[in-house]
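> any chance you can model this:
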Amino acid sequence: MRGSAARRSRPSFDARDAFGPAASTTTRTTARAATRTTARAAVRTAVALLTTGAVLASAGCLGGSDDASHPGGPKAGKRPAAKPSILWNTRPDSIASLGDSITRGFDACSVLADCPEVSWSTGTEVNSLARRLLPAASRSTARSWNYAKTGAVMADLSGQLRSAIPHKPELVTILIGANDACRSSVDAMTPTARFRADFSAALRTLRQELPKTQVYVASVPDLKRLWSEGRKNVLGKQIWKLGICPSMLKDSDATDPASVERRRRVADRVEAYNGALKSVCDRDALCRYDGAVHDYRFSTDELSKWDWFHPSKRGQQQLAAMAYRRITTP
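The predicted model follows:
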């Protein structure tokens, strides 16, 4: 009971005490309307703030972007520019040729001698790659150079490149690798891993000095096919005994299991070399590998009449035609 009395004696405030009975109803109605108006305004303000925040976030104005190249985020409506593609020039105006005896025209003009005049790449007495690509004016002002060397192996390629680099050729042609397989025995052949490493190192040397120079890489010829075709000539087999590619051509008429296995191992190694050439070349946007040389079935007329192994003038022109097709394909 004392609690009830205390509540009755506690002073209280009622709007009716200040404005009377009539005013209290109006005041309550006005207060409720004001409350609703204030609530609606607060909602509109919150929505506006949220919308503004979303727009700013989408525009990258609030930070937190995952794009490391644009700390503030990419600009609204724009995408990063695509990298320009590298275009292959089908009409280079200068050529440097690298490689071995094939590119030197060995045994194409006379016995056991170089004949660069009939080289498939830079020769002047055959329809060479240089004659096909370079106009007469360019050929007369020495826009082609031949740094190939008879007997060269892949390990020699970097040195040949260093000789060619000062000329700044637009195109470098490479045909090398037969001598890596043509050794005194199959065990003396260049290991594929070493072959690949030497080729990769040579290509890096070129790219460091001439990043825009194009490279044409011919596949290593099919040595077993050359053995099969050349052995038809009695004189050719006698020349082979002087020491031409003994790993493949030694005992050319022998068909015993050991001889068959020896030739198979040489052929397999050539295939592995070509796989290395292609894989390394494919990683360079300005390098073109050509498997056509290995696939080509040289006829007797296209082989040297002195050793029945190296290309004759006619064979050199076939090499030039293959290279021209690959280089001039867009």
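
> what bits of this protein have low per-residue confidence?
In the predicted model of the chain, residues 1-85, 137-141 satisfy pLDDT under 70.

> recalculate using a threshold of 50.
Where the chain drops to pLDDT under 50, the residues are 1-35, 37-39, 41-43, 45-76, 83.

> residue boundaries of the strands in it?
Ranges of strands in the chain, per DSSP state E, are 95-99, 144-146, 171-175, 214-218, 287-290.

> so which of those is nearest residue 159?
Between residue 159 and those, the tightest spacing by CB to CB is seen for strand 95-99, at 9.5 Å. Every C-beta, even on glycine, is put in place using the N, C-alpha and C of the backbone.

> which other residues reach that closest one?
Here strand 95-99 makes contact (CB atoms under 8 Å, 6 or more residues apart in numbering) with 103, 119, 121-122, 129-130, 133-134, 143-148, 152, 157, 160-161, 164, 167, 169-176.

> neighbours of the nearest residue to residue 157 once chain neighbours are set aside, how many?
Take residue 157 and drop its neighbours on the chain: the residue closest to it by CB to CB, 6 or more residues apart in numbering is residue 202, 4.2 Å away. The number of residues packed near residue 202 is 25, by other CB atoms under 10 Å.

> list the contacts for residue 202?
So residue 202 contacts 154, 157-158, 161 (CB under 8 Å, 6+ apart).

> can you check residue 194 too?
For residue 194, the contact set (CB under 8 Å, 6+ apart) comprises 154-155.

> how close does it sit to residue 174?
Residue 194 sits at a distance of 17 Å from residue 174 (criterion: CB to CB, to the nearest Å).

> over to residue 294?
Using CB to CB, residue 294 is found at 14 Å from residue 174.

> okay, the two: which has more neighbours?
Taking other CB under 10 Å, residue 294 and residue 174 do not tie; residue 174 has more neighbours (28 against 19).

> the more buried one contacts residue 214, doesn't it?
No: Residue 174 is not in contact with residue 214 according to CB atoms under 8 Å; the separation is 11.3 Å.

> output the strands of the chain as TSV; include the columns distance to residue 243.
Formatted as TSV, the strands of the chain follow (distance: least, CB to CB, whole Å):
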stretch	distance to residue 243
strand 95-99	20
strand 144-146	25
strand 171-175	21
strand 214-218	24
strand 287-290	29
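
> for residue 252, which of those strands is the nearest?
Proximity to residue 252 (CB to CB) singles out strand 171-175 among the strands of the chain, at 24.1 Å.

> partner strands of the closest one, with direction?
Paired strands of strand 171-175, with direction, are strand 95-99 (parallel), strand 214-218 (parallel) (DSSP bridges).

> just to revisit the earlier point, quick check: which of the strands of the chain is nearest to residue 303?
Set against residue 303 and scored by CB to CB, the strands of the chain come closest in strand 171-175, at 16.1 Å.

> which residues are contacting that closest one?
For strand 171-175, using CB under 8 Å, 6+ apart, the contacting residues are 92, 94-100, 102-103, 120-121, 129, 133, 148, 157, 161, 164, 206, 213-218, 293, 319, 323, 327.

> what do you get for stretch 268-285?
Stretch 268-285 is contacted from outside by 86, 177-178, 180-181, 186, 189, 192, 195-196, 199-200, 203, 207, 215, 217, 219-224, 287-289, 291, 294, using CB under 8 Å, 6+ apart.

> whichever of those residues end up buried, select them in ChimeraX.
Buried subset of those, written as a ChimeraX selection, criterion 16 or more other CB atoms under 10 Å:
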select :177,178,180,181,186,189,192,195,196,199,200,203,215,217,219,220,221,222,223,287,288,289,294
